[in-house]
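**Q** Fold the stuff below for me.
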Amino acid sequence: MTQIKKILDGIVVSDKAEKTIIVSVSSRAKTRYKGKTIKRSKKYIVHDPDNNAKEGDIVQITSSRPISKLKRWRLFKIQEISDNIPVSLDKEDS
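**A** Predicted coordinates:
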């Protein structure tokens, strides 16, 4: 018997840890009483074995077996690579 794995789309918020990224996944829900649409977001700690994803990338993640205490998701695919180039605030002496 095989399990159906969930696949979610999100944006990489942090890539500072080794083989780990934090992905923010946004969703929309309607309130019960008025039916207003509310935007919700949740952060997932994701296993990235090759350290390919960088901050700002749009990625797909899939559920997996527990990898550590908090990691229950794996990087499935990088959909879009961000163009953000880190800018250092240190001034170079010339």
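**Q** Show me where the chain has its strands.
**A** Taking DSSP state E, the strands of the chain run over residues 7-14, 20-30, 37-47, 58-63, 73-80.
**Q** Format these as JSON lines; extra columns: mean pLDDT and mean neighbour count.
**A** Just so you know, the C-beta spots here come from the backbone N, C-alpha and C atoms, and that holds for glycine as well. Formatted as JSON lines, those follow (pLDDT from 0 to 100; neighbours: other Cβ atoms under 10 Å):
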{"stretch": "strand 7-14", "mean pLDDT": "96", "mean neighbour count": "17"}
{"stretch": "strand 20-30", "mean pLDDT": "96", "mean neighbour count": "15"}
{"stretch": "strand 37-47", "mean pLDDT": "97", "mean neighbour count": "13"}
{"stretch": "strand 58-63", "mean pLDDT": "97", "mean neighbour count": "18"}
{"stretch": "strand 73-80", "mean pLDDT": "96", "mean neighbour count": "16"}
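**Q** ok, the closest residue to K42 other than its chain neighbours - contacts?
**A** Distance criterion Cβ to Cβ, 6 or more residues apart in numbering; nearest residue to K42, sequence neighbours excluded, is V25 at 5.5 Å. Shown in contact with V25 (Cβ atoms under 8 Å, 6 or more residues apart in numbering): L8, D9, G10, S41, K42, K43, Y44, I61.
**Q** 7 Å instead?
**A** L8, D9, G10, S41, K42, Y44 (Cβ atoms under 7 Å, 6 or more residues apart in numbering).
**Q** Then D15?
**A** Per Cβ under 7 Å, 6+ apart, neighbours of D15: I21, A53, K54, E55.
**Q** let's see 8 Å
**A** Per Cβ under 8 Å, 6+ apart, neighbours of D15: I21, I22, D48, N51, A53, K54, E55.
**Q** same deal with K39?
**A** S26, S27, R28.
**Q** Same check on Q79?
**A** Neighbours of Q79 in contact, by Cβ under 8 Å, 6+ apart: D9, D57, I58, V59, Q60.
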